[in-house]
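Asker: When you get a sec, could you give me coordinates for this:
(chains A and B)
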Amino acid sequence: MMVGIQARDGEGLAAAPEPAAETAAVKFSARRVSVFYGAKQALFDVDLDIVDRSVTALIGPSGCGKSTFLRCLNRMNDTIEGCRTTGRILLDGQDIRDSDLDPVELRARVGMVFQKPNPFPKSIYDNVAYGPRIHGMVRGRAETDALVERCLARVGLLDEVRDRLHEVATGLSGGQQQRLCIARAIAVDPEAILMDEPCSALDPIATARIEELIDELRANYTIVIVTHSMQQAARVSQRTAFFHLGRVVEHGSTEQIFTNPRQARTRDYITGRFG
Amino acid sequence: MSTHHTVRRFDEELRRLDTAIAEMGGLAEAQLAAAVTCLLKLDSATAREVIAGDARLDALEQDVNAQAVRLFALRHPLAEDLRLVVAALKVSADLERIGDYAKNVAKRTAALSQPPPKSAASSLRNMARQVQEMIAMVLDAYLRRDAERADAVCARDVEVDALHTSLFRELLTYMMENPALITQCTHLLFVAKNIERIGDHATNIGEMVHYMVRGERPSADRPKGDLSSVTAPPAGNGGQ
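Answerer: The predicted structure is shown next:
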């Protein structure tokens, strides 16, 4: 069920019953990734493998670098003035800084969902159709209609909005808007979806629906989620990485991290003994 | 646990769980000691006290259960906190069972019409003392979060099992030599079995302590020394 502990720190951990991470397909492979905002270093030599078609949760206190790392995965940090990244991130073995790989194409392959739902100030329909249109993925009305319906159905929104597809998206509830943003992300047929605290602005019911959706989506997509809720990380992810002060302190199966963390700092954080 | 929880009340609640387990452990050990003593002295008055005393263990177990459920619901314990609450839940069940066995030993006092044969009494006393020590030691391991000490308790169960097997043989021999002793010796067989089972529960607790401290089950299968289930009467002595 879970993939195994990556023995980064050289511990054998042979007793772990799960197959080792090395045997699961790796989607992203980060090596010695450091990020600087001007003179301030936010990430220090991060090594982390993200397993394909599973959910990886990034946890840690505010300012630990988890969101910075998330934004490295589709080069969103490049859009931040004064931000500099070193090290390598491979996506399916290809360096994401490869000159052959256009950042726009990268961001289509690696979609993103943000903390606050941010639909375009357009219709529900256009929010989903926008990406496929500009990437030339659909031709004609019928094909676009079919894609929009398919994506809305995938996120469980179609039945709720079928009669108002051409109404403005900002009229939807927060939870609906967030599911629309996920529909928009999957409309361009990505391989991975990055989620930065996707539920922190939602009520528990809307949160549960997003979590259920994340669980369904992992059959087809690699999902990386940043969350401040330990319970959410435990509920939705198969693997968890704990960040602290810009470094990955520990990374392993979610079950192991939450029942038997190997590092004292991980334990202190998840049991609420920090600082 | 080097540092405190940010929410101090959580620390307090976990300490309360420890206090309840410590009280249960002390009580279970005392119940066993008193039960064996009154059985060997045919002291029915004390036996009745032991029987009545079991209710306190039952109540404490209920209390630990309620505390644990509350902690799960309100604190969402994780990592070592999670293991501690799970361990308290399981350990309290084992201690409650130990109390039941001690009570059963005390109950048999009324059924014995004469003191047990000297050598059997001494074997029973010896077994009970070993098991009492196991309970004391495993509780100590629990409260100190000491996995090695817990493992040592589990290792001692082999001795108890061996004592039980030998006592089983001894009692069979008495019964064959003197059928008038069958009723008494049958009760003593149950008593011995009860004490042996208490040793098993102490071992369970030891395994839980190991899990609580280390986050994994003890590795090796522990050796089993109880052969009473395959022990036959001595050959040629009334055996068919």
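Asker: what about the strands in the stretch 151-275 of chain A?
Answerer: Assigned by DSSP state E, counting those that start in this stretch, the stretch 151-275 of chain A shows strands spanning A:192-196, A:222-226, A:239-244, A:247-253.
Asker: would you turn the ones you listed into JSON lines with mean pLDDT, distance to chain B and mean neighbour count?
Answerer: All C-beta spots, glycine's among them, are computed from the backbone N, C-alpha and C. What follows is the strands of the stretch 151-275 of chain A, written out as JSON lines (pLDDT from 0 to 100; distance: least, C-beta to the nearest C-beta, whole Å; neighbours: other C-beta atoms under 10 Å in any protein chain shown):
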{"stretch": "strand A:192-196", "mean pLDDT": "97", "distance to chain B": "22", "mean neighbour count": "25"}
{"stretch": "strand A:222-226", "mean pLDDT": "98", "distance to chain B": "18", "mean neighbour count": "27"}
{"stretch": "strand A:239-244", "mean pLDDT": "97", "distance to chain B": "11", "mean neighbour count": "26"}
{"stretch": "strand A:247-253", "mean pLDDT": "97", "distance to chain B": "11", "mean neighbour count": "23"}
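Asker: Go through those and name the closest to residue A:60.
Answerer: Smallest distance to residue A:60 across the strands of the stretch 151-275 of chain A (C-beta to C-beta): 3.6 Å, for strand A:239-244.
Asker: Look up which residues are beta-bridged to the closest residue in space to residue A:251 that isn't next to it in sequence.
Answerer: Taking C-beta to C-beta, 6 or more residues apart in numbering or on different chains, and ignoring the residues beside it in sequence, residue A:251 has residue A:241 as its nearest neighbour in space, at 4.2 Å. Under the criterion DSSP bridges, residue A:241 forms beta bridges with residue A:58, residue A:251.
Asker: Kindly report the same for residue A:247.
Answerer: Under the criterion used (DSSP bridges), residue A:247 bridges to residue A:244.
Asker: I figured it hits residue A:48, correct?
Answerer: No: using C-beta atoms under 8 Å as the test, residue A:247 is too far from residue A:48 to be in contact (10.4 Å).
Asker: sorry, back to before: quick one, what contacts the residue nearest to residue A:251?
Answerer: Shown in contact with residue A:241 (C-beta atoms under 8 Å, 6 or more residues apart in numbering or on different chains): A:48, A:56-59, A:66, A:248, A:250-251.
Asker: Can you give me the neighbour number for the nearest residue to residue B:169 once chain neighbours are set aside?
Answerer: Distances taken as C-beta to C-beta, 6+ apart place residue B:231 nearest to residue B:169, at 5.9 Å, with adjacent residues excluded. As a burial measure, residue B:231 scores 14 neighbours (other C-beta atoms under 10 Å in any protein chain shown).
Asker: sec struct for residue A:56, please.
Answerer: Following DSSP: H, G, I helix; E, B strand; the rest coil, we place residue A:56 in the strand state.
Asker: mind listing what residue A:33 touches?
Answerer: The contact partners of residue A:33, by C-beta under 8 Å, 6+ apart, come to A:43, A:45-48, A:69, A:72, A:85-89.
Asker: Any stretches of chain B with poor pLDDT?
Answerer: Flagging of chain B using pLDDT under 70 yields the residue ranges B:1-2, B:220-225, B:233-240.
Asker: near chain A, which residues of it show up?
Answerer: Proximity of chain B to chain A, by C-beta under 8 Å from any C-beta of the partner chain, involves residues B:1-7, B:10, B:76-83, B:214-216, B:219.
Asker: The residue in chain B positioned nearest to chain A - nearest residue in space that isn't next to it in sequence?
Answerer: Chain A sits closest to residue B:215 of chain B, with a gap of 3.0 Å, by C-beta to the nearest C-beta. Of all residues not flanking residue B:215 in the chain, residue A:260 sits nearest, at 3.0 Å (C-beta to C-beta, 6+ apart).
Asker: Got the phi and psi for the one you found?
Answerer: Main-chain dihedrals, residue A:260, degrees, to the nearest 10: phi -150, psi 70.
Asker: Could you verify my assumption that it touches residue B:79?
Answerer: Yes: between residue A:260 and residue B:79 there is a contact under C-beta under 8 Å: 6.7 Å.
Asker: which stretches of the chain form helices?
Answerer: Using chain A. A:66-72, A:103-109, A:124-134, A:140-154, A:158-161, A:174-187, A:204-217, A:230-236, A:254-259, A:264-270 (DSSP state H).
Asker: that answer is for a different chain, and I need it for chain B
Answerer: Along chain B, counting by DSSP H, helices occupy B:8-41, B:44-75, B:79-107, B:118-144, B:147-177, B:182-214.
Asker: any weak-confidence spans in chain A?
Answerer: Counting by pLDDT under 70, chain A shows low-confidence ranges at A:1-23, A:275.
Asker: Look up how far residue A:41 lies from the residue nearest to residue A:251.
Answerer: Per C-beta to C-beta, to the nearest Å, residue A:241 is found 19 Å from residue A:41.
Asker: now swap in residue B:110 and tell me
Answerer: Per C-beta to C-beta, residue B:110 is found 78 Å from residue A:41.
Asker: who in the stretch 151-275 of chain A is up against chain B?
Answerer: With C-beta under 8 Å from any C-beta as the criterion, the stretch 151-275 of chain A meets chain B at residues A:230-231, A:234, A:258-261, A:264, A:266-268, A:270-275.
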